[in-house]
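A.B. asks: Build me a structure from this.
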Amino acid sequence: MGQDMPFLEHLTDLRRRLMIVLGAFFGSLVLCFLFVDHIYQELARRSGEKLAILGPGDILSIYVKLSAVGAIAITIPIAAYQIWRFVVPALQERERTVALMYIPALFLLFLFGLSFSYFILFPMTYAFVLGLSNGNFDLVITANDYFTFM
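C.D. replies: As a prediction, the model looks like this:
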């Protein structure tokens, strides 16, 4: 069976692991913000149009959203590993190896879902919604609306 730990030791371990996850999130947030212009260019080119902004607040809002989504994507495997490290003392040896297999599976399924949404689902949905206008509207897509829809 697993190791017995006093309650305060559990809380200390949990706090340490949460600090690691938060540190990873904020570190990756800064990293993504440094490259947010490249991320924006890559994602915006799929719109097929030049995106408009309505004010200076939109630029910051879009860049923060893109950086946060990138930071979450980077932090997910780190958080999964930290969760596993937190519960592993209570697991038996067989349970540990089975639980450890979930971390790469979680990350790969996350990447698969993200790829499916970005390459298949989003283009179909975007084309369908734009097709609803039937030429009845002068279409100006703001960058904020585009990324919120994405």
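A.B. asks: pLDDT of the helix or strand harbouring His10, averaged?
C.D. replies: Using DSSP states H and E, His10 sits in helix 7-34. In this model, helix 7-34 has a mean pLDDT of 95.
A.B. asks: centre of the chain versus it, how much separation?
C.D. replies: 16 Å (Cα atoms, centre = their mean, to the nearest Å).
A.B. asks: Please name every helix or strand in contact with it.
C.D. replies: Judged by 3 or more Cβ pairs under 8 Å, 6 or more residues apart in numbering; DSSP states H and E, helix 7-34 is in contact with helix 56-87. Using the backbone N, CA and C atoms, a C-beta is placed for each residue, glycine as well.
A.B. asks: Can you give me the buried ones in the helix it packs on?
C.D. replies: Counting neighbours by 16 or more other Cβ atoms under 10 Å, one finds that the buried residues in helix 56-87 are 58, 61-63, 66-67, 69-71, 74-84.
A.B. asks: I'd like to know which helix or strand in this protein has the lowest mean pLDDT.
C.D. replies: Lowest on mean pLDDT, DSSP states H and E among the helices and strands of the chain sits helix 93-116, with a mean of 86.
A.B. asks: All set now, cheers.
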